[in-house]
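In: here is my input; please provide its structure:
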Amino acid sequence: MVVIQRRSKRKSTGGRYHSGSRGKRIFEMGRLPTLTKLGETKNKVIKTKGSSKKVKLLTSKTANLLDTKTKKYVKAIIETVIETPANRHFARRNIITKGTVIQTDKGKAKVTSRPGQDGIVNAVLI
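Out: I've put the predicted structure just below:
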């Protein structure tokens, strides 16, 4: 199924907009979300509008962990996903999104990056 990000065909009152013969446009194109999981690091490069590129992180087992006391980043191994605000079933499936609380070898941490769009997992120790 095609993912389109454009104005709805219906008004807030329930009436229809008269669109004429206008079809879909490439600049209205959307994509399904990237559900980043635990595993060996795999990336996918996507071409975007304006001949730019976006790196999607498909799987990852490491995170860049910020220690707030020493103000230094350390690379930590992700053990499991504890909880996530995006969807309660994502924790069981070990899917990492922004705001997810993960268990690392250094302790619990909260993800601050968007792995499906940034291509990296950044987190802050809790």
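
In: V3 touches L32, doesn't it?
Out: Yes. Counting by C-beta atoms under 8 Å, V3 does reach L32; the two are 6.2 Å apart. In short, each C-beta sits where N, CA and C put it, glycine included.

In: can you point out the buried residues in the one helix or strand T80 maps to?
Out: T80 is part of strand 72-83 when elements are defined by DSSP states H and E. Buried residues in strand 72-83, defined by neighbour count with 16 or more other C-beta atoms under 10 Å: A76, I78, V81.

In: let me know the closest of those to K44.
Out: If you rank these by distance to K44 using C-beta to C-beta, I78 comes first, at 19.0 Å.

In: and the closest one, bridged to which residues?
Out: T104 (DSSP bridges).

In: that older thread, between the buried residues of strand 72-83, which sits nearest L38?
Out: Using C-beta to C-beta, these come closest to L38 at I78, 6.0 Å.

In: show me the shaky parts of the chain.
Out: Residues of the chain that meet the criterion pLDDT under 70 lie in 20.

In: the helices in it, which residues?
Out: Counting by DSSP state H, the chain has helices at residues 90-93, 115-118.

In: of all those helices, which lies closest to N43?
Out: In terms of C-beta to C-beta, the element of the helices of the chain nearest to N43 is helix 115-118, at 10.2 Å.

In: just the CA coordinates for that closest one, please, in PDB.
Out: Taking Å, rounded to 0.1, in the frame of the first residue of the first chain, the C-alpha atoms of helix 115-118 are listed here in PDB:
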ATOM      1  CA  PRO A 115      17.500   5.700  15.100                       C
ATOM      2  CA  GLY A 116      15.200   5.200  12.200                       C
ATOM      3  CA  GLN A 117      16.100   8.600  10.800                       C
ATOM      4  CA  ASP A 118      19.500   9.500  12.300                       C
END
